[in-house]
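> need coordinates for the below:
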Amino acid sequence: MTSVDPLRVGIVGLGAFGSRVAMRLLWNGYHTLGVYDCNDMTSRLFSNEYGAMGLGSPRMVAQTCDVVITVLPTADALREVCFGWESIAKGFGGKGLVIDLGVTDPVETQSIAREFAAKGISFIDAPAFGSPAQAKEGALTLVVGGDDDAVEIVSPILNCLSNRMIRAGGSGSAQAASAIADYLHAAELLATSEAIRLGTQFGFQPETVLGICNILGGAGLQALISKDLVTRKFQSGRKLGHVQQNIAIASHMASKSSMALPLLSATGKAWADAESQFGFGADQTEILKWLEKIVPFDNTTVKDAPVAEPMA
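You can find the predicted model right below:
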C-alpha cells in the first residue's frame with residue numbers, strides 16, 4: 001500500500017503550549033515542521049533541540065507549508081500574525097489553511113475568517129483544552145469550527161493532537177462554544193457557592209446543602225432542560241410562580257443574615273419580572289420566553305450550524 005505524504009505543517013507561537021504541540025507533530029510523522037516565534041531565540045533553540053525548520057516570519061511559514069497552526073495568547077496577536085507585516089496571508093498568496101488553537105474572541109475570529117476567505121484561505125478555529133503535557137501526549141480536547149471540507153483536510157492533524165474532538169459549526173462557533181460553556185460553568189459554580197454559604201448560615205453542612213438540592217430537583221435539571229426547554233414544550237409541570245416564591249424566600253434569608261449573594265439577587269429580580277409578565281401559573285421553563293422578550297434574538301446574525309456534542 002502506497003503511503004500518502006502528510007501535509008506540510010508550520011506553527012506560529014512556541015510558548016509553553018505551542019512548543020508541546022510542535023513536539024507532538026514532529027514525533028508523529030510531520031518531520032518537515034516549520035516553526036516561528038516572535039522571540040527569535042525561542043525558534044532557534046527549539047530548532048536546534050528538536051530538528052524543526054526555524055523560519056523568520058509568519059509569511060515564510062505560510063510560503064513553505066500547506067497548513068499553518070497558530071498558538072497565540074490574544075485576538076490582537078492572531079490578527080497581527082494573519083494580516084500584519086510579513087503575515088500568513090501574504091505568504092499563502094491566495095491559497096492555504098490556518099488552524100487557530102488559541103482561545104480568543106469569537107467575533108474577531110469570524111472577522112478574520114471572512115478576510116481569509118476573501119483571499120481564498122480557509123480558517124479553522126479549534127480552541128484547545130488541556131495542559132502542555134497533554135498537548136505533548138496528543139490528549140487535548142479540541143472544539144472545532146470551520147468549513148466541513150477544510151476540517152476534513154486537516155483531520156489527521158487534529159486527530160494527532162487530540163483524543164476528543166467536538167464539532168461546533170462554522171468559523172468562530174468553536175470559540176463561541178468554549179466561551180458559553182465557561183459562562184455556564186462559572187454561573188453554576190457561583191450559584192453553588194452561594195447556596196453553600198446561605199445553607200451554612202442556617203446550620204447545614206455543605207454536603208447536606210448539596211444533597212438536599214440534588215434530591216429536590218438539581219439532579220434532574222439536565223433532563224428537564226432537554227425535555228422541556230430545548231424542545232420548547234414548556235410542560236415540566238412546575239409553576240413559574242412556585243419557583244419565584246422560593247427564590248424570594250431565599251433572598252429574604254440572605255437579607256436577614258446580612259449576606260451579599262449577587263447571583264441570587266439578580267435571579268430573584270429576573271424571576272419576579274417573568275412572573276409579572278407571564279403569570280404565576282406559567283411553566284417554569286417559560287423563563288426562556290421572558291429572556292427572549294427582553295433581548296430579541298436576531299436570526300440574521302447566526303448561520304445554521306451542526307449541533308455540537310455535549311461537553312463534559
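
> rest of the way, CA atoms for contacts and neighbours
Will do.

> mind checking how far Gly169 is from His31?
Counting by CA to CA, to the nearest Å, the gap from Gly169 to His31 is 31 Å.

> which one's more surrounded, these two?
Gly169 (22 against 15; other CA atoms under 10 Å).

> so what are the sheet partners of the helix or strand Val98 falls within and their directions?
Assigning secondary structure by DSSP states H and E places Val98 in strand 96-100. Strands that pair with strand 96-100, judged by DSSP bridges, come out as strand 67-70 (parallel), strand 121-125 (parallel).

> Throw those strands into a markdown table and include mean pLDDT, distance to Leu184 and mean neighbour count, thanks.
Output for the strands paired with strand 96-100, formatted as a markdown table (pLDDT from 0 to 100; distance: least, CA to CA, whole Å; neighbours: other CA atoms under 10 Å):
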| stretch | mean pLDDT | distance to Leu184 | mean neighbour count |
| --- | --- | --- | --- |
| strand 67-70 | 98 | 27 | 25 |
| strand 121-125 | 96 | 21 | 26 |
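
> enumerate every residue touching Ile287.
Contacts for Ile287 (CA atoms under 8 Å, 6 or more residues apart in numbering) come out as Leu240, Trp271, Ala274.

> neighbours of the residue lying closest to Val144 once chain neighbours are set aside, how many?
Among residues not flanking Val144 along the chain, Ala126 sits closest, at 4.4 Å (CA to CA, 6 or more residues apart in numbering). Using other CA under 10 Å, the number of residues around Ala126 comes to 30.

> right, and Ala126 touches Thr141 too?
No: if you go by CA atoms under 8 Å, Ala126 and Thr141 don't touch, sitting 9.3 Å apart.

> show me which positions of stretch 153-172 end up buried.
Neighbour counts over stretch 153-172 (16 or more other CA atoms under 10 Å) mark 154, 157-162, 165-172 as buried.

> which residues of the stretch 1-150 of the chain fall in helices?
Listed in chain order, the helices found in the stretch 1-150 of the chain under DSSP state H, counting those that start in this stretch are 16-26, 40-50, 58-64, 75-83, 88-92, 106-118, 132-137, 148-161.

> show me how far the last one is from its chain's centre.
What that stands for is helix 148-161. Here the centre of helix 148-161 is set off from its chain's centre by 18 Å, with CA atoms, centre = their mean, to the nearest Å.

> measure how that helix sits relative to strand 121-125, angle-wise.
50 degrees (axes from the mean of the first three to the mean of the last three CA atoms, to 10 degrees).

> what is the rounded mean pLDDT of helix 148-161?
Average pLDDT, helix 148-161: 96.

> okay, which residue is most central for this protein?
Closest to where the C-alpha atoms of the chain average out (CA atoms, centre = their mean) is Ser178, at 1.3 Å.

> do I have it right that that one meets Val144?
No: contact criterion CA under 8 Å: Ser178 and Val144 do not qualify, at 10.1 Å.

> to Ile212, which of the helices of the stretch 1-150 of the chain lies closest?
helix 132-137 (36.8 Å; CA to CA).

> tell me the buried residues in the closest one?
For helix 132-137, by 16+ other CA under 10 Å, it's Pro132, Gln134, Ala135, Lys136, Glu137.

> hmm, Leu25 and the third one touching each other?
No: in this structure, Ala135 sits apart from Leu25 without contact. The criterion is CA under 8 Å, and the distance is 9.9 Å.

> which positions in the longest helix along the chain come out as buried?
In the chain, assigned by DSSP state H, the helix with the most residues is helix 173-201. Using 16+ other CA under 10 Å as the test for burial, helix 173-201 gives 173-179, 190-192, 194-199.

> distance from it to the middle of the chain?
That offset, for helix 173-201, works out to 15 Å (CA atoms, centre = their mean).

> try stretch 201-209
The answer for stretch 201-209 is 34 Å, by CA atoms, centre = their mean.

> related to what we said a few turns ago, OK, contacts around the residue nearest to the centre of the chain?
By CA under 8 Å, 6+ apart, the contact set of Ser178 is Pro127, Val143.
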